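**Q** Coordinates for the following, if possible.
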Amino acid sequence: MNSLTVRVARWSARHPWRAIVGWLLFVALCLAAGSAVGINSAKTADYRVGEAGRAEAMAAEGHLERRSAEQVLISARSGALDKGVAEAAAQDLTARMERLPEVESVADPLLSQDGRILMVEVALKGEERDAKDKVDALVAQTGAVQQAHPDLLLQETGSPSISKGVDQQRGDDLALSEAITLPVTLITLLIVFGSVTMAGVPLLLALSSIAAAVGLSMVASHLSPDTGVGMNVILMIGLAVGVDYTLFYLKREREERARAGGRLSSEALVELAAATSGRAVVVSGLAVVASTATLYLAADVIFSSLATGTIVVVLVAVASSLTALPALLVKLGRRAERKQRRRAERGKPVRRWRRGGDGSDNGGGRIWTALLRPASKHPLATLCVSVLALLALVTPLAGLKITEMSRDTHSREIPAMRVYDRLNEAFPEQRVTHQIVVRADADRVEEVTASLHKLAQLAETDQLFTGSERIRTSADQRVSVLELKVPYLGNSDEAYDSLDHLRDDYLPATVGRVQGAEFGVSGDVARYADYPAHQNSKLPLVLGALLLVTFAMTVYAFRSVVLGLIGVVLNLLSASAALGLLVLVFQGSWAEGLLDFHSTGSIGSRVPLFLFVILFGLSMDYQVFVVSRIREAVLAGATTRQAVLDGIRSSASVVTSAAVVMMTVFVSFAFLHIIEMKQIGFVLAAAVLLDAFIVRILILPSAMLLLGEASWWPSRGMGQARILERAAPKMPVADVR
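**A** Next up, the predicted model:
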């Protein structure tokens, strides 16, 4: 009873106002620090992986890197396009754009083959990632030309416009997610606690933890650049674990209060909760942090950003449950005690806290006894049937297709995406551009140029290509770039085939014969191909580290190698089943109307790895909380069988409540427009559902009942007297009434 968790809770309980004010000051300081330093956003160079990344780095070295561009389409509002009027508008637009400091160059107008659309391309200066912040100035000039030529229709699109539209849509989606999640979470907590005050405590602490994490993540971005997805993760994970950790602690405090029957003070009850659920919260939080940290091994800026956001918000949520929560519980407990005393003084019956872990008279016993009956009476059959059911969900993984979600997969509710579709239809030859980058000694520039000309000639005979642009060479003659056009969408099989032709056939036969030359292909298609390949190369390392961390954390928490192995297997099984369900839903088209998406026939390249890492961490919440209750009973002298049944029965309601809260948060993300976020929300919700109701209620108890005392190997040999001595709480006399 003198662990760090208990000591912190004891101080907070004895100085509640100091702890509460201190927590609020901490949140304010985090936000102030974040606002002061700002966000360090990832640069284009941070995203470079594989051959495409190396080629982009070489091009940047020669100042020949690809520039972000906007395309303005000029067409008639009705009838045929008057070319003279359109060209006059294009000249006006070109003059306006060239005066902007954000613009590097404006290309000559290009007329579509059907003569209906005139296109003006505007190249922007500076970082590719920063282009979206400059697009408003271009849109304003397009709008001015539109006003000057009302009979024409001017529409703008391009990577910057699309990125800006995606950001705006993401912000709207997050607002929608909050509008769905917060009320449902509050209703769930009201059902659990039956009190507005008690229901508000987890929600307020979770929101304050999210606020503090936002500020700290801005500071952390100067160590690990932010990619724009960190805030999504902080909201999603922060609300889930923040409410869960508070819920675990609150439910245990209420259980101890009901058991004490008024004999213990609020301070003593908080210490008991800190010694049990408080420790479980710390272990769970550390498990999530350790699991998430394995994402850094992926050597990818997006995963690093996801990991940083998750780690920061989980640590803050743990801190809030250890400091602010005990103080709030003491203040609420004292208020309840004063009400009880006033009722007694008035001669009214004193309200007694209901017994049972969930605050009900029977502890929800009938429901959970019924749910546990298959495992308790037929553990082997229950284990086999449950495992087979999950394995059946795993089978769709055989058809898993992982791709990088390209620009073509964005929602058409973004105006720039609808214009992008018009652009692709009117100018098919402009759909995809490959950049062939060559670096060699300056004295070989003529040889390099000749080999690139030969490559362009080979491409002209290939129906996958439509032509090439001039060869550009750096000032120092060391870097050369050739651009080849492809008349297919970036996510099409033909586009990938054209990339394979370049890399496997044309480059080795031309540039590959220049002695000492380094070369590579970059561009959108190359990025889409290289990123999943990079992910696959890192997958064994990350998963291996993840399994090792999960095993080590479980062994540390329960002093049992057997439970460590069980935890790894169960987490792997539930994550695989959830991923199989994701493949079943999102790679087909049958659920498109139900979940409002357009199937790409694939899963986003970041989803599987993110799922495994986050789910392994979150599953430790349930694993630690459930098995901790079982271990407490064993340490108190119960048989493993009785401990398993009682432990799961006593923790079932809080696990269910926590699962409902998590599912609510994750399901709200399944309604977002961004396909990868939709997939992540769906798969995490499915994983939590499977983990809470199949793994923890059916598989885990069945396995432990079959193993019996062997579940605790190698710690089962502790003497009973020593066990009881360790388990018995030693409360200060002053705390006992």
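
**Q** Do you know the pLDDT at the closest residue to Glu178 other than its chain neighbours?
**A** Residue nearest to Glu178 in three dimensions, not counting chain neighbours: Leu235, with 7.4 Å by CB to CB, 6 or more residues apart in numbering. Placement of C-beta: from N, CA and C, glycine included. You'll see Leu235 listed with a pLDDT of 85.

**Q** Quick check: buried residues in the helix or strand Leu235 falls within?
**A** In the assignment (DSSP states H and E), Leu235 maps to helix 230-260. Residues of helix 230-260 classed as buried: 230-258, 260 (neighbour count, 16 or more other CB atoms under 10 Å).

**Q** Contacts only, for the residue nearest to Glu178.
**A** The contact partners of Leu235, taken as CB atoms under 8 Å, 6 or more residues apart in numbering, are 174, 177-178, 210.

**Q** Report the separation between it and Ser304.
**A** Applying CB to CB, to the nearest Å, the value for Leu235 to Ser304 is 19 Å.

**Q** Output the below-cut-off pLDDT ranges for the stretch 251-400 of the chain.
**A** The stretch 251-400 of the chain contains residues with pLDDT under 70 at 340, 343-365.

**Q** Would you map the helices across it?
**A** Under the criterion DSSP state H, counting those that start in this stretch, the stretch 251-400 of the chain carries helices at the ranges 266-273, 279-293, 301-322, 324-345, 365-377, 379-394.

**Q** Would you mind telling me which of the ones you listed is nearest Gly53?
**A** Among the helices of the stretch 251-400 of the chain, helix 301-322 comes nearest to Gly53, with 10.9 Å by CB to CB.

**Q** packing partners for that closest one?
**A** helix 4-14, helix 196-220, helix 230-260, helix 279-293, helix 607-635 (3 or more CB pairs under 8 Å, 6 or more residues apart in numbering; DSSP states H and E).

**Q** In TSV: those, plus distance to Thr142.
**A** Output for the helices and strands packed on helix 301-322, formatted as TSV (distance: least, CB to CB, whole Å):
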stretch	distance to Thr142
helix 4-14	58
helix 196-220	33
helix 230-260	30
helix 279-293	43
helix 607-635	36
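
**Q** nearest to Leu272, of those helices?
**A** That would be helix 230-260 among the helices and strands packed on helix 301-322, by CB to CB, at 4.7 Å.

**Q** Ala123 should be in a strand, yeah?
**A** Yes - under DSSP: H, G, I helix; E, B strand; the rest coil, Ala123 falls within a strand.

**Q** need the contact list for Val85.
**A** 149, 151-152.

**Q** now swap in Asp621 and tell me
**A** Contacts for Asp621 (CB under 8 Å, 6+ apart) come out as 241, 244, 248, 284, 288, 658.

**Q** Can you give me every residue that contacts the first one?
**A** Think Val241. Val241 neighbours (CB under 8 Å, 6+ apart): 285, 288, 313-314, 317, 618, 621.

**Q** quick one: which two of those are the most distant?
**A** Largest separation among these by CB to CB: Val313 and Asp621, giving 14.2 Å.

**Q** Just give me the residue closest to the centre of the chain.
**A** Val233 (4.8 Å; CA atoms, centre = their mean).

**Q** list the contacts for that one?
**A** 306, 309-310, 313.

**Q** ok, back up a step: now intersect the contacts of Val85 with the strands, please.
**A** If you go by DSSP state E, these have Leu152 in strands.

**Q** on that earlier part again, can I get the contacts of Val241 in CSV including distance to Met677?
**A** As requested, these are arranged in CSV below (distance: CB to CB, whole Å):
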residue, distance to Met677
Gly285, 24
Val288, 20
Val313, 17
Val314, 20
Ala317, 21
Leu618, 17
Asp621, 22
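
**Q** just these now: which is nearest Asp226?
**A** Among the contacts of Val241, and counting by CB to CB, the member closest to Asp226 is Val313, at 13.7 Å.

**Q** Touching, that closest one and Met236? I think so.
**A** No - if you go by CB atoms under 8 Å, Val313 and Met236 don't touch, sitting 9.3 Å apart.

**Q** how near is the residue nearest to Glu178 to Val432?
**A** Distance check for Leu235 against Val432: by CB to CB, it reads 35 Å.

**Q** what residue ranges in the chain are flagged as low confidence?
**A** Those would be 1-2, 340, 343-365, 716-737, if you go by pLDDT under 70 across the chain.

**Q** could you redo the last one with a cut-off of 50?
**A** 353-364, 717-737 (pLDDT under 50).

**Q** what's the domain layout of it?
**A** As assigned by automatic domain parsing, the chain contains the domains 1-37+195-334, 69-125+130-191, 366-399+536-737, 415-522.

**Q** Let me know which of those is tucked in deepest.
**A** For the domains of the chain, the largest average neighbour count (mean count of other CB atoms under 10 Å) is found in domain 1-37+195-334, namely a mean of 22.

**Q** what's the offset of that domain from the middle of its chain?
**A** Relative to the mean C-alpha coordinate of its chain, domain 1-37+195-334 is positioned 19 Å out (CA atoms, centre = their mean, to the nearest Å).

**Q** ok so, going back, so which of the contacts of Asp621 would you say is closest to Glu271?
**A** Phe248 (15.8 Å).

**Q** list the contacts for that closest one?
**A** The contact partners of Phe248, by CB under 8 Å, 6+ apart, come to 277, 280-281, 284, 321, 621, 625, 654, 658.

**Q** Quick check: Trp17 touching Ala327?
**A** Yes - in this structure, Trp17 is within contact of Ala327 by CB under 8 Å, at 7.5 Å.

**Q** Dump stretch 443-451 to CSV, restricted to CA.
**A** Taking Å, rounded to 0.1, in the frame of the first residue of the first chain, the C-alpha atoms of stretch 443-451 are listed here in CSV:
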residue,chain,number,x,y,z
ASP,A,443,31.8,15.0,-67.5
ARG,A,444,29.2,12.4,-68.3
VAL,A,445,26.3,14.8,-68.9
GLU,A,446,26.3,14.2,-72.7
GLU,A,447,26.2,10.4,-72.2
VAL,A,448,23.4,10.8,-69.7
THR,A,449,21.4,13.1,-72.1
ALA,A,450,21.8,10.6,-74.9
SER,A,451,20.6,7.7,-72.8
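
**Q** got the contact list for that stretch?
**A** Counting by CB under 8 Å, 6+ apart, 438, 440, 471, 473, 477-478, 480, 510-511, 513-517 sit against stretch 443-451.

**Q** Using a markdown table, please lay out those together with distance to Ala86 and secondary structure.
**A** Formatted as a markdown table, these follow (distance: CB to CB, whole Å; DSSP: H, G, I helix; E, B strand; the rest coil):
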| residue | distance to Ala86 | secondary structure |
| --- | --- | --- |
| Val438 | 39 | strand |
| Ala440 | 44 | coil |
| Ile471 | 31 | coil |
| Thr473 | 35 | strand |
| Gln477 | 41 | coil |
| Arg478 | 42 | coil |
| Ser480 | 36 | strand |
| Thr510 | 40 | coil |
| Val511 | 40 | helix |
| Arg513 | 46 | helix |
| Val514 | 44 | coil |
| Gln515 | 50 | coil |
| Gly516 | 49 | coil |
| Ala517 | 44 | coil |
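
**Q** and those residues as JSON lines, adding distance to Thr449?
**A** Shown next, in JSON lines, are the contacts of stretch 443-451 (distance: CB to CB, whole Å):
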{"residue": "Val438", "distance to Thr449": "9"}
{"residue": "Ala440", "distance to Thr449": "10"}
{"residue": "Ile471", "distance to Thr449": "6"}
{"residue": "Thr473", "distance to Thr449": "7"}
{"residue": "Gln477", "distance to Thr449": "10"}
{"residue": "Arg478", "distance to Thr449": "12"}
{"residue": "Ser480", "distance to Thr449": "6"}
{"residue": "Thr510", "distance to Thr449": "11"}
{"residue": "Val511", "distance to Thr449": "10"}
{"residue": "Arg513", "distance to Thr449": "14"}
{"residue": "Val514", "distance to Thr449": "10"}
{"residue": "Gln515", "distance to Thr449": "15"}
{"residue": "Gly516", "distance to Thr449": "15"}
{"residue": "Ala517", "distance to Thr449": "12"}
